[in-house]
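A.B. asks: Provide a 3D model corresponding to the input given below.
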Amino acid sequence: MLNLDENLHYFLIEDWCRDGEHEYTGKFIIASDTDLLNCVDLDVLDHSILSWQFGGAEWNADAQGYDNNGGLRLVKIPDIKKLSYDTACVLGEYLSLIDFDTAIDVNGGIRDGQV
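C.D. replies: This next block holds a predicted model:
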């Protein structure tokens, strides 16, 4: 059983990665004290999540997306949905839950000491 806090904001994150000819998608939940969709620039939010998820991400103007391997691996966040507490409880039984405020730095990736 997850220990979710009713006072937090929960978001379902869908990520996408194209590595060569292979495409991968993933979904996970982030929790935050802040309503990130209304308080953080979405480009900054996407970059922060991708940097954390894929170990770094830089804007690639030619591909109109982020990459983390010199253009060989393209990554993006196609969708972010705000979740109700009840929905987060249900989905949290099946998806990873990340504490955004502890793990992800909106200035670029992983906070010191976090894995």
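A.B. asks: Low-confidence ranges, this protein, go.
C.D. replies: 1-2, 106-115 (pLDDT under 70).
A.B. asks: What segments of it are helices?
C.D. replies: Assigned by DSSP state H, the chain shows helices spanning 36-39, 42-54, 85-91, 100-103.
A.B. asks: Give me the most central residue, this structure.
C.D. replies: In the chain, the C-alpha nearest the mean C-alpha coordinate belongs to residue 49, at 3.7 Å (C-alpha atoms, centre = their mean).
A.B. asks: Of all the helices of the chain, which one is nearest residue 76?
C.D. replies: helix 42-54 (7.3 Å; C-beta to C-beta). Just so you know, the C-beta spots here come from the backbone N, C-alpha and C atoms, and that holds for glycine as well.
A.B. asks: other SSEs contacting the closest one?
C.D. replies: Helix 42-54 sits against strand 9-19, strand 65-67, strand 73-83, strand 104-105, strand 109-110, with contacts defined as 3 or more C-beta pairs under 8 Å, 6 or more residues apart in numbering; DSSP states H and E.
A.B. asks: With distance to residue 58 and mean neighbour count as new columns, can the ones you listed be given to me in a markdown table?
C.D. replies: Converted to a markdown table, these look like this (distance: least, C-beta to C-beta, whole Å; neighbours: other C-beta atoms under 10 Å):
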| stretch | distance to residue 58 | mean neighbour count |
| --- | --- | --- |
| strand 9-19 | 14 | 18 |
| strand 65-67 | 6 | 20 |
| strand 73-83 | 10 | 17 |
| strand 104-105 | 16 | 20 |
| strand 109-110 | 11 | 18 |
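A.B. asks: Can I get those in CSV including distance to residue 44?
C.D. replies: Below are these laid out as CSV (distance: least, C-beta to C-beta, whole Å):
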stretch, distance to residue 44
strand 9-19, 14
strand 65-67, 12
strand 73-83, 12
strand 104-105, 11
strand 109-110, 12
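A.B. asks: Residue 96: which of those is closest?
C.D. replies: strand 9-19 (9.8 Å).
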